[in-house]
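Visitor: everything below, folded, please.
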Amino acid sequence: MKLISYRTYCILQFIVVLFLITSCCKHKKNYNGYWYGKYNVENKEFHYLSEITDSCYYEYSVPFTKTFFYDRDCNTFVLPNGKIKPVGDDLLYNDKTHGITVRLKRAVEESFILEKLNDKDLKVDLVDAGNCLLNNFEPVNGNVAIYLGQKSGVTMCSYKNNTMLLNDDFCRYMNQLEGSLQSTVKFSVAIDREVKYRDFKKFTEYLGLLTTHGGYMYLLVKPQKYIGYSFMSKSFSFPVHKKDYYKDRGLFFHNEEQSLLPPPTIPNAEWLLNTRSTTVNMFSLIDNNIFFDNKICELKDIESLVIENSDYIKANTFIYYIDPETKYEDYFKFLNKIKTVYGKIKKTAYSEPEGEYIKSKDRDIIFTEVDSLYYGKYNELLKRH
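Guide: Down below sits the predicted model:
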């Protein structure tokens, strides 16, 4: 048998290698985009967010971004701290440095929080906060993520992939789940911009009923990009003096003997308006219009109005009333403006502007919300002054 020449052998070898390379790269997939998953460390579950571009791999699992340049071997990404390999339609990320393995799924929705919403028929269009001064990225606890949105024109709640009407049954359902929410103090809440304030208020009451001492809601806003889910924190609690009122309405209460924190003190209207040591003014949000002492104003005017109507000697009380038909988006932007102004005046904004009396270096200020009964009472008294 005639042997092939060395030159021919080298050519054939080159063709085989070239075939192997091209056959691999021919099926090279495009993995650019956002990916998410979950991993466990010391029996605690953490969310993992990442992004793949043509040259870099980004980690968003912490409040700051880690950037890694990678080498790609067909469909495998070789990083300094590990590898990413395809597993079906998913990716398997193995971080050898930290001993973390996480299975990643491709993102579909615009934001991670909506990616987790199981009921795609539930309309949850988050508020576009624009240039509002909000908290930026913080990992959201998916175990306590609650959605409040519209379905067939009706306000619904979704929690742990179950969607139901916003009523006592929803409250009971959440309370009866394994791992009671009574000790939970932080909830991530995604609320549709068109939801009425009356429904948001009812939702807040239910959270107060479910938890032992109240807590904080992370009110999520529309992200600037996939992982940028900013939020505004808002405290809530169950008012002890309204306990019988809630029970008479048929609302569920988880433990009749449970001691709860007292609500903020409602200022006495007559006393405030007749004492020389206190100033009183009132904001109201009605028909999507903002009023200050019954005169219409703009959102941008709130800061100057607060400063102009408060001084360094007297205690300054600013009451605000939200009409039940107000859209959640308008309420959100109004509350954020109040919080921002409050923080600027108080210098160190570490408390909620919802009835707490703060002794600051500059001036004493109270921001407190009133219901329709108190609103009517204050309105009549303010007209006389």
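Visitor: going by C-alpha atoms from here, please, whenever you check contacts or count neighbours.
Guide: OK.
Visitor: what residues are up against residue 157?
Guide: 146-149, 163-166, 170 (Cα atoms under 8 Å, 6 or more residues apart in numbering).
Visitor: kindly apply the preceding question to residue 125 instead.
Guide: 149, 191-193, 222 are the contacts of residue 125 under Cα under 8 Å, 6+ apart.
Visitor: what's the answer for residue 379, then?
Guide: Applying Cα under 8 Å, 6+ apart, no residues contact residue 379.
Visitor: assign it to helix, strand or coil.
Guide: Following DSSP: H, G, I helix; E, B strand; the rest coil, the label given to residue 379 is helix.
Visitor: any idea how far it lies from residue 292?
Guide: 11 Å (Cα to Cα, to the nearest Å).
Visitor: same question, residue 219
Guide: Going from residue 219 to residue 292 by Cα to Cα gives 26 Å.
Visitor: now do residue 52
Guide: 50 Å.
Visitor: same question for residue 152.
Guide: In terms of Cα to Cα, residue 152 sits 36 Å off from residue 292.
Visitor: please indicate which of the contacts of residue 157 are buried?
Guide: Neighbour-count burial (16 or more other Cα atoms under 10 Å) is assigned, among those, to 146-149, 163, 165-166, 170.
Visitor: which of these sits closest to residue 122?
Guide: residue 149 (6.1 Å; Cα to Cα).
Visitor: okay but that closest one is in contact with residue 120, surely?
Guide: No. The pair residue 149 and residue 120 fails to qualify as a contact (Cα atoms under 8 Å) at a distance of 10.9 Å.
Visitor: which stretches in the stretch 201-350 of the chain count as strands?
Guide: Remark: strands assigned in the stretch 201-350 of the chain by DSSP state E, counting those that start in this stretch are 215-220, 231-236, 278-286, 289-292, 295-297, 315-322.
Visitor: quick one, helices of the stretch 151-300 of the chain?
Guide: 168-176, 197-210, 243-248, 269-274 (DSSP state H, counting those that start in this stretch).
Visitor: ok, back up a step: least reliable of the strands of the stretch 201-350 of the chain going by mean pLDDT?
Guide: Within the strands of the stretch 201-350 of the chain, confidence is poorest for strand 231-236, with a mean of 80 (mean pLDDT).
Visitor: list the helices and strands it packs on?
Guide: helix 197-210, strand 215-220 (3 or more Cα pairs under 8 Å, 6 or more residues apart in numbering; DSSP states H and E).
Visitor: can I get these in a markdown table with distance to residue 287?
Guide: Output for those, formatted as a markdown table (distance: least, Cα to Cα, whole Å):
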| stretch | distance to residue 287 |
| --- | --- |
| helix 197-210 | 12 |
| strand 215-220 | 22 |
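Visitor: tell me which of these approaches residue 371 most closely.
Guide: Taking Cα to Cα, helix 197-210 is the member of the helices and strands packed on strand 231-236 nearest to residue 371, at 10.7 Å.
Visitor: how about the closest one: buried residues?
Guide: For helix 197-210, by 16+ other Cα under 10 Å, it's 197-200, 203-210.
Visitor: try stretch 108-121
Guide: 111-114, 117.
Visitor: can you redo the residues you listed as JSON lines with distance to residue 174?
Guide: Converted to JSON lines, these look like this (distance: Cα to Cα, whole Å):
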{"residue": "111", "distance to residue 174": "25"}
{"residue": "112", "distance to residue 174": "23"}
{"residue": "113", "distance to residue 174": "19"}
{"residue": "114", "distance to residue 174": "20"}
{"residue": "117", "distance to residue 174": "17"}
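Visitor: next step: the residues you listed restricted to helices.
Guide: Mapping those onto helices (DSSP state H) picks out 112-114.
Visitor: any chance of these in TSV, with pLDDT too?
Guide: Converted to TSV, those look like this (pLDDT from 0 to 100):
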residue	pLDDT
112	70
113	75
114	80
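Visitor: turn those into TSV, including distance to residue 30.
Guide: Below are these laid out as TSV (distance: Cα to Cα, whole Å):
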residue	distance to residue 30
112	21
113	24
114	24
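Visitor: which one of the residues you listed is nearest residue 176?
Guide: Distances from residue 176 to these, taken by Cα to Cα, are shortest for residue 113, at 23.9 Å.
Visitor: how much space separates that closest one from residue 286?
Guide: On the measure of Cα to Cα, residue 113 and residue 286 end up 31 Å apart.
Visitor: residue 52 too?
Guide: Taking Cα to Cα, one finds residue 52 at 46 Å from residue 286.
Visitor: ok, these two, which is more surrounded?
Guide: Legend: neighbour count by other Cα atoms under 10 Å for residue 52 and residue 286, higher for residue 52 (18 against 15).
Visitor: and the more buried one, what are its bridge partners?
Guide: Residue 52 forms beta bridges with residue 33, residue 57, as assigned by DSSP bridges.
Visitor: contacts only, for it.
Guide: 31-35, 58.
Visitor: quick one, which of those are buried?
Guide: 31, 34-35, 58.
Visitor: ok, residue 214 - how many residues close by?
Guide: 24.
Visitor: surely it touches residue 208?
Guide: Yes. Judged on Cα under 8 Å, residue 214 makes contact with residue 208 at a distance of 5.3 Å.
Visitor: what is the nearest of the buried residues of stretch 108-121 to residue 279?
Guide: Closest to residue 279, out of all of the buried residues of stretch 108-121 and judged by Cα to Cα, is residue 113, at 42.6 Å.
Visitor: when residue 152 and residue 292 are compared, which one has more neighbours?
Guide: Between residue 152 and residue 292, residue 292 has the larger neighbour count (other Cα under 10 Å), namely 20 against 9.
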